[in-house]
Structure formats: C-alpha cells, structure tokens
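Trainee: Using only what follows, build the 3D model:
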Amino acid sequence: MQTWKEYQEKNKERFLNEMIDLLRIPSVSAKSEHKEDMQRCADAVAKSLRDAGCDKAEVMATAGHPVVYGEKIIDPSKPTVLVYGHYDVQPAEPLELWHSGPFDPVIKDGKVFARGSADDKGQFYMHVKALEVMSQTNSLTTNIKFLIEGEEEVGSPNLGKFVADHKDLLKADVILISDSSMLSMENPSLDTGVRGLSYIQVEVTGANRDLHSGTYGGAVANPITILAKMIASCHDENNHITIPGFYDDVVVATPEERDLLNKAPYDEQEYKDELGVKELWGENGYTTYERTGIRPTLEVNGIWGGYTGEGAKTVLPSKAYAKISARLVPNQSSDKITEKLLNYFKSIAPPSVEVKAELHHGGEPYMTPIDSKGYQAAAKAVEATFGKAPIPVRGGGSIPICSILEKELGIKIIFMGFGLDNDNLHSPNEKYNIENYYKGIETIPYFHKFFAE
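Mentor: Coordinates of the predicted model:
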C-alpha cells in the first residue's frame, strides 16, 4: 500500500489542475449576475467530493446561494471531523490592477494567481484532496463531513438557519477550517482565534441635485467634505477610536498573552518594504501583531461621490457614500458595535446634510483554547510535516459563522490555514503558493490521525 506522500507525489499535477479548474468559475456571491456561476461552482464542488471518496455529496438549497454537504462515514463509533470552507469569492475589481485575468489562473514563480486561490478555494480544496489521499491509501482514522458554503464573503446570512435546521446531519466532534494564514513556511503558526466584524454603509445627502460648484460652492454644504470630516473624527491623535462606548466590552490581553504573541518573528523594515510604505500606522502603545490580532479597528473600505470620470467636471455633488467596517475582539458584540456606529454617524451630522446609515453584515469574534484536543492534534500535525512546532497567533480577519457553528453544534473550531498574509486576499493579484497547497494536503491527514488518537 502506498504512503500518503507517495500517493500525493504521484497525483500532484492532477491535484493542482483540479484546483485551477475550480478557480476558473467566477463564483462572486456579492453580485446577482453570478447566480448561475454560483450554482455551477457548487455542483463542481459536490462532484469533487464524490470523486475524492465521499459516500454522498449534495448541493443543498438555502434562501441565498446553496451549501455543499458531503460525508465519508467509516465507523459511527470513531470521531467525526467537520470541515468548513467556502466556494464563493470576493469581487475582482479593480480589474485594471490585475496582471492577468482574475478567473484565468496563471502560474508564475511557483504561485497560482487567481481570485479565490487562497481565499478559500485553494485552501478548502486541500481537504478534498487529503480525503482522496486517505481513502486511496486505506488510512482513514476519522469520519469526515464537509460543509462548503457560498455566502461567506457576504457575511453568511443564511448559513445560521441551515446549521440550526441540520444539526443531526452536521453532528461532529470538532470543526476544522483552513481559511486563514500562517506566518511563513519557515515559521509555521496556527490561529487561536479570529476577529468579529461590523460592516455599515453611510450615505450623506446635501442639496436635492448636483450643483455648479462655482454658483453654489461656499453657500451649500458639500456632502463629500462633510463625510470626510465625519470619518476623520472617528480616530484621535493616538489613532484611538473615538466612538463612545466602542471599547467598553474589549477583553484586554494579559501581559503573558502579549509576550506570547510578540514571540512571533517580525522584521518591521521587511514588513514596510513588502507593502511599499515608509511608516506604519495604528493605535499607539501596541505592536503590529497586537494591532492586527488583539485590538479592534475601524477602517473605511470604500468612499465615493461626485464626478470620478475622465477629465474635469466642476460639480458640487448631491450625495457622498462610504463603506466602513470594524474588526472586533473577544467580548465585543457585532450588534452592539453596529448600533454604536450607526448612531454615531447620525448624531454627528450637521443640519446642512441628511445622513442615512445602514448595516451590511456582521459576525462575532471567536477564540479557540490551545489546550483543546483539536488544537493539540493540529499542532502535532504541523510539527510532523514542518519539523517544528507552530507558533500560536491571533488572526486579524473574520469568519462570521464561527460563533454560530459552535453555539449550534456545541463543538470547538480549529483554524489550520496554509495561506500567507501577502497572498493579496480581497485585492488584485490574489495568489496561493503551490508549495503551501501541497504542504496542506500533506499535513491534513496527520490531523485526522492525531485527533483519532
């Protein structure tokens, strides 16, 4: 019988090509014109699960985009691992900044460039191929279930109901997620948690129509100027968020937790050079890892209004808009923070404009204990293939469904991501290192082995 590594080596070109085929499907959940692509991608995922060894795999309807469920049950008395991932991807815009087509995958310098390569198609597909490896080498030690959704990038609005309605189907002993990153291949890490999210949109309206900026400028409020001032007021001179009550529920990390977090290798100059910035920016009194892991943040994700086409048009716009998100840390509630954000923008609006603020979506922060059986199995798995123990770190991103999965199913979540922070998630030229993809497929079977033990 072949070993895991021998089987993977023999089939690695096919493993890569299958993942690339999945990347060609423009499964953008945020855009209604991609509804058929979403269905096509779900069907492709279900087929890949069946081909990999699932006893059953089906596309299941929700009120939005469908969920893909699959399972391989070898023995009901053995532990069951539920793998969560998502087949939907972020919009690819701005298209002009891509070096190649976002849905025409290109391999360059050992990396696959395409939307969804690292987030999350390439990462969840590692689990599909790991199942094939274990099935074909007759070495499965756990039952495996798959829950691959199509709405993670829009806040998973329908997955909570799906999970609540299918608790028996999804019954498991642990949830395994690869939708995060590690520090580097030289210094592997495991996320011990993810931040929550509150995402709003603000609309500022001045006059009842666009105006000539010479005739009316200086006499009527410019919504873009007002919106810019409102946004600027959200941080003080120490880059501390000024919204009343924003920090009320924040669990402050202990000195020991901060020390552990800052043991991760970090070269500030290298960090700045890689991003092309001369200076870092953030809340005073905290390191980069603390700012992106244990502290909440507030960011403007988009701002627009007036004339943005070619050439000049001297207009005083009627409206201005911004999309604004807060990343949340343990004990902060997305509902509470959303309410504070909406109230803040409405309360500071001058009488010269009208402000409308509304929720897009949100999700709760999530922490996993490093002394849990699942975390220990993941740490041993990483050590088995990387040759060194992973560093526990806090993830800066958000996976909105995490807290709901634990609440509904009563089990812990383990984050075992193989991406890198510089994979350009949500940005032009998203990429996933082929070495990381293969290393994930090699490592995942060890998780199942050690979890079963």
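Trainee: going forward, measure contacts and count neighbours with C-alpha atoms only.
Mentor: OK.
Trainee: Now do the same for residue 263: its pLDDT.
Mentor: We have a pLDDT of 86 for residue 263.
Trainee: what does the one 3 residues further on give?
Mentor: At residue 266, the model reports a pLDDT of 91.
Trainee: How about residue 105?
Mentor: The score at residue 105 is 98. That number is its pLDDT.
Trainee: now do the one 10 residues further on
Mentor: The predicted local distance difference test score for residue 115 is 98.
Trainee: With residue 119 instead?
Mentor: pLDDT for residue 119: 97.
Trainee: number of nearby residues for it?
Mentor: Look at residue 119: counted by other CA atoms under 10 Å, it has 29 neighbours.
Trainee: Then residue 248?
Mentor: Residue 248 has 10 neighbouring residues, counting by other CA under 10 Å.
Trainee: gap between it and residue 242?
Mentor: To residue 242, residue 248 is 12 Å away according to CA to CA, to the nearest Å.
Trainee: Just list the residues touching residue 69, thanks.
Mentor: Going by CA atoms under 8 Å, 6 or more residues apart in numbering, residue 69 touches 46, 57, 58, 59, 60, 145, 146, 147, 148.
Trainee: was I right about the fifth one contacting residue 67?
Mentor: Which is residue 60. Yes - counting by CA atoms under 8 Å, residue 67 is a contact partner of residue 60 at 5.2 Å.
Trainee: The two: who's more crowded?
Mentor: In terms of neighbours (other CA under 10 Å), residue 67 is the more surrounded of residue 60 and residue 67; the figures are 26 against 13.
Trainee: so what's the more buried one closest to, chain neighbours aside?
Mentor: Leaving aside its chain neighbours, residue 67 sits nearest to residue 149 (4.5 Å; criterion: CA to CA, 6 or more residues apart in numbering).
Trainee: I'd like to know how many residues surround the one you found.
Mentor: Residue 149, neighbours per other CA under 10 Å, totals 24.
Trainee: roughly how far apart are it and residue 195?
Mentor: Taking CA to CA, one finds residue 149 at 20 Å from residue 195.
Trainee: And the residue of the chain most remote from its centre, what's its pLDDT?
Mentor: Distance from the centre of the chain peaks at residue 215, with 46.9 Å (CA atoms, centre = their mean). In the prediction, the pLDDT value recorded for residue 215 is 97.
Trainee: you'd agree it is in a helix?
Mentor: No - looking at residue 215 with DSSP: H, G, I helix; E, B strand; the rest coil, it is coil, so not inside a helix.
Trainee: give me the number of residues near residue 41?
Mentor: Residue 41 has 23 neighbouring residues, counting by other CA under 10 Å.
Trainee: right, I mislabeled it, should have said residue 156
Mentor: Neighbours around residue 156, by other CA under 10 Å: 21.
Trainee: What is the least confident helix or strand in the chain?
Mentor: When each helix and strand of the chain is scored by mean pLDDT, DSSP states H and E, helix 255-261 comes last, with a mean of 88.
Trainee: CA atoms of it as CSV?
Mentor: Output of helix 255-261 as CSV, limited to C-alpha atoms (Å, rounded to 0.1, in the frame of the first residue of the first chain):
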residue,chain,number,x,y,z
PRO,A,255,1.0,40.7,29.6
GLU,A,256,1.6,37.0,29.2
GLU,A,257,-0.6,36.8,26.2
ARG,A,258,1.1,39.9,24.7
ASP,A,259,4.5,38.4,25.3
LEU,A,260,3.5,35.1,23.6
LEU,A,261,2.1,36.9,20.6
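Trainee: which other residues reach whichever helix or strand comes after that helix?
Mentor: Moving toward the C-terminus from helix 255-261, the next helix or strand (DSSP states H and E) is helix 268-275. Here helix 268-275 makes contact (CA under 8 Å, 6+ apart) with 278, 279, 280.
Trainee: ok, 10 Å please
Mentor: For helix 268-275, the external contacting residues (CA atoms under 10 Å, 6 or more residues apart in numbering) are 276, 277, 278, 279, 280, 288, 422.
Trainee: I'd like the next helix or strand past it.
Mentor: Note on helix 268-275: by DSSP H and E, the next helix or strand toward the C-terminus is helix 288-293.
Trainee: for that next one, packing partners?
Mentor: helix 255-261, strand 319-328, strand 391-393 (3 or more CA pairs under 10 Å, 6 or more residues apart in numbering; DSSP states H and E).
Trainee: what angle separates the next helix or strand after that helix from strand 319-328?
Mentor: Counting by DSSP H and E, the next helix or strand C-terminal to helix 288-293 is strand 297-305. Computed by axes from the mean of the first three to the mean of the last three CA atoms, to 10 degrees, the angle separating strand 297-305 from strand 319-328 equals 160 degrees.
Trainee: what mean pLDDT does strand 297-305 have?
Mentor: On average, strand 297-305 scores 97.
Trainee: Now tell me what touches it from outside.
Mentor: 195, 197-204, 223-224, 227-228, 231, 234-235, 239-241, 243, 246, 282-283, 291, 316-329, 341, 396.
Trainee: domains for this protein, by residue range?
Mentor: Here the domain assignment for the chain is 4-194+365-452, 196-255+271-283+294-363, based on automatic domain parsing.
Trainee: Deepest-packed of the ones you listed, please.
Mentor: Mean neighbours per residue, mean count of other CA atoms under 10 Å, is largest over the domains of the chain for domain 4-194+365-452, with a mean of 20.
Trainee: rewinding a little: ok now the least confident helix or strand of the chain, how far from the chain's centre?
Mentor: A distance of 24 Å separates the centroid of the chain from that of helix 255-261, by CA atoms, centre = their mean, to the nearest Å.
Trainee: Show me what that helix is packed up against.
Mentor: Other elements packing on helix 255-261 under the criterion 3+ CA pairs under 10 Å, 6+ apart are helix 288-293, strand 391-393.
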